[in-house]
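Engineer: below: sequence and its predicted model.
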Amino acid sequence: MKVTIVGAGNVGATCADVISYRGIASEVVLLDIKEGFAEGKAMDIMQCAPNTGFNTKVSGITGDYTKTANSNVVVITSGIPRKPGMTREELIGINAGIVKGVAENVLKHSPDAIIVVVSNPMDTMTYLTLKATGLPKNRVIGMGGALDSSRFKYYLSKALDKPIGDIDGMVIGGHGDTTMIPLTRLASYNGMPVSGFLEQDVLDKVAADTMVGGATLTGLLGTSAWYAPGASVAYLVDSILNDQKKMIACSVFLEGEYGQDDICMGVPCIIGANGLEQIVDIKLSEDEKAKFAKSADAVRNMNADLKEVLV
Ligand SMILES: NC(=O)C1=CN([C@@H]2O[C@H](COP(=O)(O)OP(=O)(O)OC[C@H]3O[C@@H](n4cnc5c(N)ncnc54)[C@H](O)[C@@H]3O)[C@@H](O)[C@H]2O)C=CC1
Ligand SMILES: O=C([O-])CC(=O)C(=O)O
């Protein structure tokens, strides 16, 4: 199985590293526009193999899409990340043109690929990819919810002081500082509701910290995060390539689900060999429904800025 990752920067290279280390694909191609950069990252990753023991073939290329031919999955991480104080939405001006051009180029050589969109603002970039390529909705999947959910589990595990692997929880909605919806009501510690262990004010703080999880890291690092983002993409790619049918919160095109139409947003999805195989329409509370509708308004507002790039 072959995966192409466009953008060999922090997130793209980390994703390639996790995919190869965990043997998720037999071949990974990293592509970047910066001369020699993808080649260097690929060489560095390959030189881990003797000591970590993987067999994935990782190669890098500058701008030559012929080397990406017949990829099963293409991950788009190309574009600029935010700096401290910025929102993800502020990246749209530069990233929209990059993502559209990349999506068109990859499809010329991998017409059957499933595309995973990572570049921000991710929900809008996913919508753009879907509209610009005309691909069916099962083949365009935005990654954000897998990451936001892992940050939610992290903050819950800290508040509970319990192992992160014992915690379950999901974040739906938009992948933005104010549009994420951590589903606290449904989060659990070994199958038991977290509300049985934590006071409401603590749960509210966990949700608030989760929502600004990316901004917090951007403030600490000077650029946005990459370890958990790269690992979250690899987790999603694994479910596709190995037909795991995991339920993962992903940004996908909605046609009536959750009361929304003509928009890509984070909802629970079954992800397998066909990409998006099912949208799981869970029953939200009135409060969660209101939050989802508000989140959709904000994402839709952002999508309106695509008018020029979508001509
Ligand atoms: N959806 C999510 O959960 C997350 C999204 N992101 C987003 O992912 C994107 C990448 O972030 P980083 O890897 O940290 O940035 P980075 O700056 O480290 O890497 C981006 C790479 O894209 C390359 N690039 C730019 N234009 C290109 C083009 N036309 N073709 C090929 N490559 C091109 C650059 O040369 C650079 O190497 C950002 O937009 C960031 O906001 C980051 C983390 C999580
Ligand atoms: O915060 C950012 O800009 C990058 C991102 O989407 C994340 O780490 O969640």
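Structural biologist: All right, it came through fine. On a predicted model such as this, the values are computed, not experimentally measured, just so you know. Ligands and ions are numbered 1, 2, ... in the order given.

Engineer: got the phi and psi for the residue of the stretch 151-300 of the chain at minimum distance from ligand 2?
Structural biologist: Nearest to ligand 2, among the residues of the stretch 151-300 of the chain, is Gly214, at 2.4 Å (C-beta to the nearest ligand atom). C-beta here means a position set from N, CA and C on the backbone, and glycine is covered the same way. Here is the backbone geometry of Gly214 (degrees, to the nearest 10): phi -70, psi -40.

Engineer: and for Ala25?
Structural biologist: phi -130, psi 160.

Engineer: need the residues of the stretch 1-150 of the chain near ligand 1, please.
Structural biologist: Neighbours of ligand 1 within the stretch 1-150 of the chain, by C-beta under 6 Å from any ligand atom: 6-12, 31-34, 37, 77-82, 88, 91, 95, 98, 101-102, 118-120, 122, 143-144, 147.

Engineer: now with 8 Å, please.
Structural biologist: 6-14, 31-34, 37-38, 63, 77-82, 88, 91, 95, 98, 101-102, 117-120, 122, 142-144, 146-148 (C-beta under 8 Å from any ligand atom).

Engineer: out of the residues you listed, which are inside strands?
Structural biologist: Using DSSP state E, the members of these that fall in strands are 6, 31-32, 117, 142-143.

Engineer: report the closest residue of the stretch 151-300 of the chain relative to ligand 1.
Structural biologist: Pro229 (3.5 Å).

Engineer: I figured that residue was touching Val118, is that so?
Structural biologist: Yes. The criterion here is C-beta atoms under 8 Å, and Pro229 meets it with Val118 at 7.0 Å.

Engineer: what residues are shared contacts of the two?
Structural biologist: 11, 143 (C-beta atoms under 8 Å, 6 or more residues apart in numbering).

Engineer: elements contacting the helix or strand hosting Ile240?
Structural biologist: Here Ile240 sits within helix 227-241, counting by DSSP states H and E. Contacts defined by 3 or more C-beta pairs under 8 Å, 6 or more residues apart in numbering; DSSP states H and E place helix 227-241 against helix 10-21, strand 73-76, strand 114-117, strand 140-143, helix 145-160, strand 246-255, strand 261-272.

Engineer: list the contacts of Pro182.
Structural biologist: 148, 152, 169-171, 206-207, 210-211.

Engineer: what's the distance between the residue lying closest to it once chain neighbours are set aside and Cys264?
Structural biologist: Distances taken as C-beta to C-beta, 6 or more residues apart in numbering place Ala207 nearest to Pro182, at 4.3 Å, with adjacent residues excluded. Ala207 is 23 Å from Cys264, where distance means C-beta to C-beta, to the nearest Å.

Engineer: so Phe288 makes contact with Arg185?
Structural biologist: Phe isn't right for residue 288; it's Glu. Yes. Between Glu288 and Arg185 there is a contact under C-beta under 8 Å: 7.3 Å.

Engineer: backbone dihedrals for the residue in the stretch 1-150 of the chain that ligand 2 sits nearest to, both of them.
Structural biologist: Residue nearest to ligand 2 within the stretch 1-150 of the chain (C-beta to the nearest ligand atom): Arg82, separated by 4.3 Å. Arg82 adopts backbone torsions of phi -80, psi 160, taken as degrees, to the nearest 10.

Engineer: residues in contact with it?
Structural biologist: Contact criterion C-beta under 8 Å, 6+ apart gives 88, 90-91, 120, 218, 223-224 as the residues in contact with Arg82.

Engineer: ligand 2 next: which of those are close?
Structural biologist: When contact is defined as C-beta under 8 Å from any ligand atom, the contacts of Arg82 meet ligand 2 at 88, 91, 120, 218, 224.

Engineer: nearest spatial neighbour of the last one, chain-adjacent residues omitted?
Structural biologist: Same thing as Ser224. Ser224's closest residue in space is Pro81 (C-beta to C-beta, 6+ apart), at 4.2 Å.
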